[in-house]
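Quick one, structure for this:
(2 chains)
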Amino acid sequence: DVKVTQSSRYLVKRTGEKVFLECVQDMDHENMFWYRQDPGLGLRLIYFSYDVKMKEKGDIPEGYSVSREKKERFSLILESASTNQTSMYLCASSLPTGGFPYEQYFGPGTRLTVT
Amino acid sequence: SQQGEEDPQALSIQEGENATMNCSYKTSINNLQWYRQNSGRGLVHLILIRSNEREKHSGRLRVTLDTSKKSSSLLITASRAADTASYFCATALIQGAQKLVFGQGTRLTINP
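Below you'll find the model as predicted:
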């Protein structure tokens, strides 16, 4: 069965801390994505990756970085957490199609609170 | 504004009734997908319809796509309490590479 896991369901961090959110998929998918979800704004793409060591900026990359050292793992890094980064963070993965995107598989989400 | 916008933002119906949600978008797409999200959880893919398709069925779900109006609808027939969730449309843009653009979602509540 397809599985995307995220390291924490809930996380509370202080302003200025460096925060790591981990995502692991067991489907051998090339594509991985990080979204944040906020009420009234839907899902917004932060970063995505087509392959190991490759990354592309999404719509809202400011304040975030990512790392993909292994195919199955995609990490989101908040270099210096701020209160406006309090949000639900969702990781997803998908097969490459050589063209247009198809089904994405999502993890359960990490609800991050920055105080 | 958003590429995909769902309407209504919230919908409350009685169990057994049909629920219809709509999605409008602005630019040309390759495909449109619908996802469900139970409260506080990740999204689950429901159905994908390609730009050259007009209608698609999956169990109690029926999706239509009208590319001339840049709109799609999701119909859930004979609703159940377990259908209570948020529903999102996501568009795969012609110029969007491997990305999906999600709408803001419709919150559906099924009352027993």
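
need the helix or strand of chain B with the lowest average pLDDT.
Using mean pLDDT, DSSP states H and E, the weakest-scoring helix or strand in chain B turns out to be strand B:5-7, at a mean of 84.

Quick check: neighbours of that one in the sheet, parallel or antiparallel?
strand B:19-24 (antiparallel) (DSSP bridges).

in the partner strand, what's buried?
For strand B:19-24, a neighbour-count test (16 or more other CB atoms under 10 Å in any protein chain shown) marks B:Ala19, B:Thr20, B:Met21, B:Cys23, B:Ser24 as buried. C-betas here are computed from N, CA, C, even on glycine.

Stretch A:60-77 spans what distance, first to last residue?
One end of stretch A:60-77 sits 13 Å from the other (CA to CA, to the nearest Å).

Close to chain A: what parts of chain B are there?
B:2, B:30-31, B:33, B:35, B:40-45, B:48, B:88, B:90, B:92, B:96-105 (CB under 8 Å from any CB of the partner chain).

Could you measure from the closest residue in space to A:Glu17 that isn't next to it in sequence over to A:Lys18?
Among residues not flanking A:Glu17 along the chain, A:Ala81 sits closest, at 5.0 Å (CB to CB, 6 or more residues apart in numbering or on different chains). Distance of A:Ala81 to A:Lys18, computed by CB to CB, to the nearest Å: 7 Å.

hey, what's B:Trp23 bridged with?
Not Trp; residue B:23 is Cys. B:Glu6, B:Ser72.

Quick check: it touching B:Phe102?
No. The pair B:Cys23 / B:Phe102 is not scored as a contact, 10.1 Å apart, by CB atoms under 8 Å.

before we move on, the earlier item: out of the buried residues of strand B:19-24, who's nearest chain A?
B:Cys23 (11.5 Å; CB to the nearest CB).

ok, that closest one - contacts?
Applying CB atoms under 8 Å, 6 or more residues apart in numbering or on different chains to B:Cys23 gives the contacts B:Gly4, B:Glu5, B:Glu6, B:Asp7, B:Leu32, B:Trp34, B:Ser71, B:Ser72, B:Ser73, B:Leu74, B:Cys89, B:Gly103.
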